[in-house]
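Engineer: got a sequence here, can you model it:
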Amino acid sequence: MTRRLRRKVSTEGNKKVVLPSCNEFEVEVSTSERCTEVDWTLLPDDTVIQLFSHLNYCDRASLASTCSTWRALAAAPCLWNSLDLRAHKCDFATVNSLASRGTNLQVLRFRGAESADAIIHLEARNLRELCGDYCRKISDATVSVIVARHAMLECLQLGPDFCEKITSDAVKAIAICCPKLRRLRLSGIRDIQGEAINSLAKHCPNLNDIGFLDCLKVDEVALGNVSSLRYLSVAGTSNVKWGMVSNIWHKLPNLIGLDVSRTDISPAAVSKLLASSQSLRILCALNCHVVENYANFTAPKLKDKSLLAIFTDIFESIASLFADPSMKGKNIFLNWRHARQVDKSTGEILTWLEWVLSHILLRIAEDNPPSLGNFWLKQGAPLLLSLMQSSQEEVQERAATGLATFVVSDDELDKGRAEAVMQDGGIRLLLNLARSWRDGLQSEAAKAIANLSVNINVAKAVAEEGGINILASLAKSMNRLVAEEAAGGLWNLSVGEEHKGAIAEAGGVKALVDLIFKWCSDGDGVLERAAGALANLAADDKCSMEVALAGGLQALVMLARTCKTDGVQEQAARALANLAAHGDSNNNNAAVGQEAGALEALVQLIRSPHEGVRQEAAGALWNLSFDDRNREAIAQAGGVEALVALARSCSNASPGLQERAAGALWGLSVSEANSIAIGREGGVAPLIALARSDAEDVHETAAGALWNLAFNPGNALRIVEEGGVLALVHLCSQSVSKMARFMAALALAYMFDGRMDECALTGTSSESMSKIISLDGSRRMALKNIEAFVHMFCDRQAFAAAAASSAPAALAEVTEGARILEAGHLRCSGAEIGRFIAMLKNPSVLKACAAFALLQFTIPGGRHAPHHAKLMQNAGASRILRATAAAATAPLEAKIFARIVLRNLEYHQADISQVV
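Structural biologist: You can find the predicted model right below:
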């Protein structure tokens, strides 16, 4: 339900007093007040009926099922005069359930051909108005049967999308079956022939409003025979003979309003129609390119007649319809609605004009001609905002849709247009519409809010005006369209870090999770938006816990496993990736891995044909691989094979996908078993290719993966054989990323510390000799570049000072110059630390490289520095470090770095002692 009714209970002494009912739930509690239960059955019948009138028919039926009294009241004829079925499935079962109410039904709105087929069987003999959306597949036969069974129709509207299967035959059937017809609006019919229009003129004497919109062809001469016409719109209709029109339509005796917008009408025809028609008061010619491009055209100034065009002041032209000079400015429509005395004719014109303008502006916004940018800022936006305050629900909806559409240009939010809407009070107007109890208004307002919230300033304004609470409430709607647009608004708002907490506090997280379970089998749009919003929220540590507690983990895994839509899969994988990114602060990473089918689903998504899905799935596996159990489980689920295949196939993919593919392999390769499996699956070659990328994030991640792989002698030899030495040497010396250079140097150190030589000796003597010769050249090149890399972090002056003095300040200066901040996030195993300790005994430049690496891993403040210090202490590293620091033949860099590492170990030991 979209509204709640409560009663306030106050006290007078010991006596309870029931205060009048109210629409908003506000309870002021003092020390002398206390809440009591309310017997809802005691509410007056008219109050209950008023409550029912603000509910859609689904909520009405739900509430009516609570008791027999309310069931009887819910059947009151006044509640069933109007019915909007657009947001609900309308099939034969629905129509049958409404059969008993059909006798009172006068206004019906529906959506789609299936609904139209069902309406044929609706017993609504007194139906006066029928409006249908999404009518592309509705046929002549369906229309003919509908009008034959509803002969009392006074208004029939099908559009604004094109009625591609409706022909003149259906128009003739309408004319014959509906003699009381007053308004007929049809969109996108290919050819409306003269015979059909003449049938309307003959059989519908009260027909005063015709709209043949976006038609390919309309018989102009026949339209001149409909003498009862007061309002005519042929907006967007092509193949009109305007020379003939200007000689015929001006003779229509009652024609007051004419809309020729988005046509190729000529300036001469515009002038003649205005000058010749005795009754015409307003001519709409917006976005008529022939008129607008005619440099010498000047709109004729005729008394009591107005031309609305891109180049005219539209508000002023509308104001000229009023005799009252105070009716002017951008508030002309608002002033008219609030005016106490307005003649009936002018009110009728403005009612029609609201409908016409809302339709025109929506169509122009959809086409988005580049020449109208200035028009939108000066007139278009204010017009849409004014129309959003119309008393006509359809106009309000279309204006909100137009607003949501026009602020987007070339698939990007136009900042100027968005802020123009905000500055003119558009945010508050949209939020007021979103508070409406009408589903259609809620949906379109939420859509506009969602689009506008892409802009940071607008998003802030939405939040300040209470928009987050409104959207969170709408996300709980039983109407899928409303919930979908509300979820889209929360998705865009959740991009900003400052709004995540507010969304969670408003109950948005639970609402989004519930949406996924509610529409899991029928609603790709709502699922994508809900998953996207949850993905943004999960990036925040606190909100990620909220997502998990609300059941979001299970919901997202379900989407990843069962949904076949690319957009939903991508957002579900992104959400799981963000949930798994907080391994140090909560247990979501482990929880994702333990959720049944999660890892298998993500591995399967790695094979998706859609790049975005593959990228987010690889990112999720990368984050999950930081957990030891997940790492092994991913491999068991086929993750190694899938990721190697992904890395091999993504040479021409986006940098984002390449980075995540390399990152996931990097994470998996922490395990020696996985590292060996990656090498055997052919993962070395694609990682070397990615290491050659110009994109910093890509080659840095690939360097990390190759560093892990190089720990294994077999993989190290594969790297050499695949030409990886040159790629690593290039990174070590040329990358702008210190981390990429660091990890490339460490990979080269692993490869040439002597352990790979044993693998090279396998095979025949001639093969072994060839490998050794090749390795010798590669070793010299690698060691030379490792030495150059270490020297990049050695300030001669600082080193000289440190060598001459043991003062902490001198060592601190060297540390600061050598520190690579990102290296503090690297975590090494005991075997890796042991290998660097062993390198300290190496007489080559590897001694200095190993000391440099251990310095990075133990710097106080590093994420895993205490862990590394403990591993080194357990391995007896202090003795070897002292020997290195004291060795007369050791390079100065190795000696100074060794002293710093010893100092770091002492710091961590003291820190541990204080904790104990």
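Engineer: rest of the way, CA atoms for contacts and neighbours
Structural biologist: OK.
Engineer: give me the low-pLDDT residue ranges for the stretch 501-650 of the chain?
Structural biologist: Along the stretch 501-650 of the chain, the model assigns pLDDT under 70 to no residue.
Engineer: how about the helices in it?
Structural biologist: For the stretch 501-650 of the chain, applying DSSP state H, counting those that start in this stretch gives helices covering 508-518, 524-538, 541-549, 552-562, 566-579, 588-594, 598-605, 611-624, 628-636, 639-649.
Engineer: gap between the two ends of stretch 64-82?
Structural biologist: 18 Å (Cα to Cα, to the nearest Å).
Engineer: what comes up buried for that stretch?
Structural biologist: Residues Ala64, Trp70, Arg71, Leu73, Ala74, Ala75, Leu79, Trp80, Asn81, Ser82 are the ones in stretch 64-82 that count as buried (16 or more other Cα atoms under 10 Å).
Engineer: just the element for the second one, please.
Structural biologist: Element membership for Trp70, per DSSP states H and E: helix 68-74.
Engineer: got the CA coordinates for that helix in PDB?
Structural biologist: The C-alpha trace of helix 68-74 is given here as PDB (Å, rounded to 0.1, in the frame of the first residue of the first chain):
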ATOM      1  CA  SER A  68     -16.400  -9.100   5.500                       C
ATOM      2  CA  THR A  69     -17.300  -5.500   6.300                       C
ATOM      3  CA  TRP A  70     -14.400  -4.100   4.400                       C
ATOM      4  CA  ARG A  71     -15.000  -6.500   1.600                       C
ATOM      5  CA  ALA A  72     -18.400  -5.100   1.100                       C
ATOM      6  CA  LEU A  73     -17.100  -1.500   1.300                       C
ATOM      7  CA  ALA A  74     -14.400  -2.300  -1.300                       C
END
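Engineer: which element follows it toward the C-terminus?
Structural biologist: strand 82-84.
Engineer: that next one: how far from the chain's middle?
Structural biologist: Mean-position distance between strand 82-84 and its chain equals 31 Å (Cα atoms, centre = their mean, to the nearest Å).
Engineer: list the contacts of that strand.
Structural biologist: Outside strand 82-84, the residues that touch it by Cα atoms under 8 Å, 6 or more residues apart in numbering are Asn56, Tyr57, Leu105, Gln106, Val107, Leu108, Arg109, Phe110.
Engineer: so Gly824 sits against Phe857, correct?
Structural biologist: Yes: counting by Cα atoms under 8 Å, Phe857 is a contact partner of Gly824 at 6.2 Å.
Engineer: what's the mean pLDDT across the helix or strand hosting Glu787?
Structural biologist: Assigned by DSSP H and E, Glu787 belongs to helix 765-791. When pLDDT is averaged over helix 765-791, the result is 78.
Engineer: so what touches the next helix-or-strand element following it?
Structural biologist: The first helix or strand that comes after helix 765-791 along the chain, using DSSP H and E, is helix 796-804. With contacts defined as Cα under 8 Å, 6+ apart, helix 796-804 is touched by Ala810, Leu811, Glu813, Val814, Leu892, Glu893, Ile896.
Engineer: who touches the closest residue to Phe517 other than its chain neighbours in this structure?
Structural biologist: In this structure, Phe517 finds its nearest non-sequential neighbour in Ala555, 6.6 Å apart by Cα to Cα, 6 or more residues apart in numbering. By Cα under 8 Å, 6+ apart, Ala555 lies in contact with Val513, Ile516, Phe517.
Engineer: now swap in Lys510 and tell me
Structural biologist: By Cα under 8 Å, 6+ apart, the contact set of Lys510 is Val547, Ala550.
Engineer: quick one: contacts of the helix holding Trp70?
Structural biologist: Thr41, Asp45, Val48, Ile49, Phe52, Arg60, Ala61, Leu63, Ala64, Ser65.
Engineer: by neighbours, which of these wins?
Structural biologist: Phe52 (22 neighbours; other Cα atoms under 10 Å).
Engineer: I'd guessed that one sits against Leu79; true?
Structural biologist: Yes: using Cα under 8 Å, Phe52 makes contact with Leu79 at a distance of 7.4 Å.
Engineer: pLDDT wise, what is Lys15 at?
Structural biologist: On the pLDDT scale, Lys15 gets 39.
Engineer: again with the one 10 residues further on
Structural biologist: Phe25 is assigned a predicted lDDT (pLDDT) of 33.
Engineer: where do the strands sit along the stretch 651-800 of the chain?
Structural biologist: Counting by DSSP state E, counting those that start in this stretch, the stretch 651-800 of the chain has no strands to list.
Engineer: for this protein, name the helix or strand with the lowest mean pLDDT.
Structural biologist: Between all helices and strands in the chain, the lowest mean by mean pLDDT, DSSP states H and E belongs to strand 9-12, at a mean of 33.
Engineer: ok, back up a step: the contacts of helix 68-74 in helices, which ones?
Structural biologist: If you go by DSSP state H, those have Asp45, Val48, Ile49, Phe52, Arg60, Ala61, Leu63, Ala64 in helices.
Engineer: quick one: end-to-end length of stretch 132-149, please.
Structural biologist: Using Cα to Cα, the two ends of stretch 132-149 sit 16 Å apart.
Engineer: distance from it to the middle of the chain?
Structural biologist: 35 Å.
Engineer: could you pull up the mean pLDDT of it?
Structural biologist: Rounded mean pLDDT across stretch 132-149 is 92.
Engineer: in it, what's buried?
Structural biologist: Buried residues in stretch 132-149 (16+ other Cα under 10 Å): 132-140, 142-149.
Engineer: which residues touch the closest residue to Leu657 other than its chain neighbours?
Structural biologist: Distance criterion Cα to Cα, 6+ apart; nearest residue to Leu657, sequence neighbours excluded, is Gln615 at 4.5 Å. If a contact means Cα under 8 Å, 6+ apart, then Gln615 has Ile606, Gly656, Leu657, Gln658, Arg660, Ala661 as its contacts.
Engineer: please name the residues that touch the closest residue to the first one other than its chain neighbours.
Structural biologist: Okay, so that is Ile606. Nearest residue to Ile606, sequence neighbours excluded (Cα to Cα, 6+ apart): Arg614, at 4.6 Å. By Cα under 8 Å, 6+ apart, the residues touching Arg614 are Glu570, Leu605, Ile606, Arg607, Ser608, Leu657.
Engineer: mind doing that once more with 10 Å?
Structural biologist: By Cα atoms under 10 Å, 6 or more residues apart in numbering, the contact list for Arg614 reads 566, 569-570, 573, 602-608, 620, 643, 646, 657, 660-661.
Engineer: for Val245, same thing?
Structural biologist: Contacts of Val245 (Cα under 10 Å, 6+ apart): Asp219, Glu220, Val221, Leu223, Gly224, Lys251, Ile265, Ala269, Lys272, Leu273.
Engineer: that one: which element?
Structural biologist: helix 242-248.
Engineer: in that helix, what's buried?
Structural biologist: Trp242, Val245, Ser246, Asn247, Ile248.
Engineer: distance check, the third one against Tyr231.
Structural biologist: From Ser246 over to Tyr231 the distance is 16 Å, taken as Cα to Cα.
Engineer: what of the first one?
Structural biologist: Using Cα to Cα, we find Trp242 at a distance of 18 Å from Tyr231.
Engineer: can you check the second one too?
Structural biologist: Plainly put, Val245 is 15 Å away from Tyr231 if you go by Cα to Cα.
Engineer: neighbours of Gly466, just the number please.
Structural biologist: Neighbour tally, Gly466, other Cα under 10 Å: 12.
Engineer: contacting residues for it?
Structural biologist: Neighbouring residues of Gly466 by Cα under 10 Å, 6+ apart: Arg428, Leu431.
Engineer: let the chain start at 40 from now.
Structural biologist: Done: numbering now begins at 40, and the last item shifts to Gly505.
Engineer: where in the stretch 40-189 of the chain is pLDDT low?
Structural biologist: For the stretch 40-189 of the chain (pLDDT under 70), the answer is 40-77, 96.
Engineer: cool, thanks, talk later.
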